[in-house]
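Engineer: Sequence unavailable; structure follows:
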């Protein structure tokens with residue numbers, strides 16, 4: 001339950017909530033087929049839920065951060081993989097106004113529903129030959145690639161003088177060879193497959209220095225992609241944990257543990273564990289939204305949030321992910337043997353949240369970086 005009647009609803013949140021039953025009903029298909037069902041993905045795209053951070057000049061909603069996070073949380077509560085895909089695809093739009101205008105128009109102007117997926121690079125190179133980059137390489141973890149229209153292939157960009165800088169080549173999905181490689185249990189439905197390409201021609205403007213994505217502060221939020229990914233995945237974690245808490249409440253109505261004679265509903269330790277989990281979830285969510293709202297206040301007043309707010313937003317996002325993991329672990333423990341079956345929602349939540357907290361935005365090292373800034377060892381402008 002969310003206690004937030006003071007926070008008004010808005011059209012995009014109503015849209016996200018309106019998909020709840022359709023996404024929840026698709027949960028088994030999402031898990032079994034390792035991707036969002038094509039019809040569901042198409043509906044999410046057409047509803048505009050992948051362009052929540054896209055500038056309005058390109059047909060996007062250009063939502064402020066607090067509203068955006070509430071939308072992602074609502075989708076993730078229905079299904080973790082769906083929330084991850086919409087969030088992952090949505091953050092890429094943050095860099096749209098930092099791209100060359102012709103490139104942004106080519107991606108989103110011609111198709112407002114376009115989705116860009118990325119992928120973790122290996123030893124990938126793109127070499128400039130008379131203004132066209134020749135791209136070769138192999139990428140993994142391309143979340144959402146099955147419903148994407150474009151892929152952002154990270155690689156070393158080498159110019160005609162032999163000088164290199166890290167960047168991203170934005171190429172049509174049909175121009176690469178999609179593989180498998182997503183043999184996982186958690187977030188299995190994200191379809192985060194691998195892909196390859198060899199000597200692919202990338203036209204001028206589509207080979208972009210990575211600074212556009214790492215340091216460019218998008219028009220919607222005034223934040224760089226790194227902080228947006230962290231905040232987004234914090235909202236995904238909160239959605240998954242909310243699903244788990246509610247699933248335990250449903251389970252407790254009827255479950256009688258083996259060799260016992262009382263329902264979970266009558267178990268004192270379930271009361272304690274559930275209350276503690278609810279408190280931790282509410283606290284982590286309140287911190288994330290508080291920092292998101294402060295970030296938006298400063299963006300409106302000063303153009304972008306200052307260093308101390310960005311530092312605390314990073315802390316709130318890290319805490320949201322990792323606290324959600326601890327909450328789901330507790331719920332899993334309280335659920336007993338029911339929680340170990342792959343057709344039970346608590347099992348899905350358990351697997352999904354552990355995939356969330358294994359990725360780079362959730363690593364505990366972020367606590368160290370924030371702590372160094374808080375104590376004055378490093379500048380708070382360096383965190384994020």
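Structural biologist: Cool, the structure landed. These figures come from a predicted structure and were not determined experimentally.
Engineer: and the least confident helix or strand in the chain by mean pLDDT, what other elements does it pack with?
Structural biologist: Lowest by mean pLDDT, DSSP states H and E among the helices and strands of the chain is helix 211-214, with a mean of 84. Using 3 or more Cβ pairs under 8 Å, 6 or more residues apart in numbering; DSSP states H and E, the elements in contact with helix 211-214 are helix 225-252. To be clear about C-beta, it is placed using only N, CA and C from the backbone, and glycine gets the same treatment.
Engineer: what are the pairing partners of the helix or strand residue 166 falls within, and which direction each?
Structural biologist: Under the criterion of DSSP states H and E, residue 166 resides in strand 164-172. Sheet pairing here is set by DSSP bridges, and for strand 164-172 it gives strand 150-158 (antiparallel), strand 207-209 (antiparallel).
Engineer: can you put those strands in a markdown table and add distance to residue 194 and mean pLDDT?
Structural biologist: Below are those laid out as a markdown table (distance: least, Cβ to Cβ, whole Å; pLDDT from 0 to 100):
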| stretch | distance to residue 194 | mean pLDDT |
| --- | --- | --- |
| strand 150-158 | 11 | 95 |
| strand 207-209 | 21 | 92 |
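Engineer: Counting neighbours, what do you get for the residue nearest to residue 111 when sequence neighbours are not counted?
Structural biologist: Nearest non-adjacent residue to residue 111, counting by Cβ to Cβ, 6 or more residues apart in numbering: residue 149, 6.4 Å away. Neighbours of residue 149 under the rule other Cβ atoms under 10 Å: 18.
Engineer: from memory residue 149 sits against residue 173, does it?
Structural biologist: Yes: here residue 149 reaches residue 173: they are 6.0 Å apart, a contact under Cβ atoms under 8 Å.
Engineer: which parts of stretch 173-184 are buried?
Structural biologist: Judged by neighbour count (16 or more other Cβ atoms under 10 Å), stretch 173-184 contains these buried residues: 173, 176, 178, 182.
Engineer: quick one on the thing from earlier: list the contacts of the residue nearest to residue 111.
Structural biologist: Residues in contact with residue 149 (Cβ atoms under 8 Å, 6 or more residues apart in numbering) are 107, 111, 114, 115, 116, 172, 173.
Engineer: For ChimeraX, what selects the buried ones among those residues?
Structural biologist: Buried residues among the contacts of residue 149 (16+ other Cβ under 10 Å), as a ChimeraX selection:
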select :107,114,115,116,173
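Engineer: Identify, by residue count, the longest helix of the chain.
Structural biologist: helix 268-302 (DSSP state H).
Engineer: for the stretch 151-300 of the chain, which spans come out with low pLDDT?
Structural biologist: 255-262 (pLDDT under 70).
Engineer: In terms of helix, strand or coil, where does the closest residue in space to residue 223 that isn't next to it in sequence fall?
Structural biologist: Residue nearest to residue 223 in three dimensions, not counting chain neighbours: residue 217, with 5.7 Å by Cβ to Cβ, 6+ apart. What DSSP: H, G, I helix; E, B strand; the rest coil gives for residue 217 is coil.
Engineer: which phi and psi does residue 217 have?
Structural biologist: Phi and psi for residue 217, reported as degrees, to the nearest 10, are phi -100, psi 110.
Engineer: repeat for residue 142
Structural biologist: phi -90, psi 80.
Engineer: give me every residue that touches it.
Structural biologist: Here residue 142 is in contact with 117, 118, 119, 148, 151, 192, 193, 194, 195 (Cβ under 8 Å, 6+ apart).
Engineer: Closest one of the residues you listed to residue 130?
Structural biologist: residue 151 (23.6 Å; Cβ to Cβ).
Engineer: How is residue 136 assigned, secondary-structure-wise?
Structural biologist: Going by three-state DSSP: residue 136 is strand.
Engineer: Residue 123 is in contact with that one, correct?
Structural biologist: No: look at residue 136 against residue 123 with Cβ under 8 Å: they stay out of range, at 9.5 Å.
Engineer: Which of these two has more residues huddled nearby?
Structural biologist: More neighbours surround residue 136 than the other of residue 136 and residue 123, with 16 against 9 (other Cβ under 10 Å).
Engineer: where's the more buried one relative to residue 176, distance?
Structural biologist: The gap separating residue 136 from residue 176 is 11 Å, by Cβ to Cβ, to the nearest Å.
Engineer: which residues do these two both contact?
Structural biologist: 197, 200.
Engineer: Quick check: residue 383 touching residue 371?
Structural biologist: No: Residue 383 lies out of contact with residue 371 (Cβ under 8 Å); the separation is 9.9 Å.
Engineer: what about the two, which has more around it?
Structural biologist: Set residue 383 next to residue 371 and count neighbours by other Cβ under 10 Å: residue 383 wins out with 22 against 14.
Engineer: mind listing what that one touches?
Structural biologist: 307, 310, 311, 314, 369, 370, 373 are the contacts of residue 383 under Cβ under 8 Å, 6+ apart.
Engineer: can you tell me the helix or strand for the last one?
Structural biologist: I take that to be residue 373. Assigned by DSSP H and E, residue 373 falls in helix 365-375.
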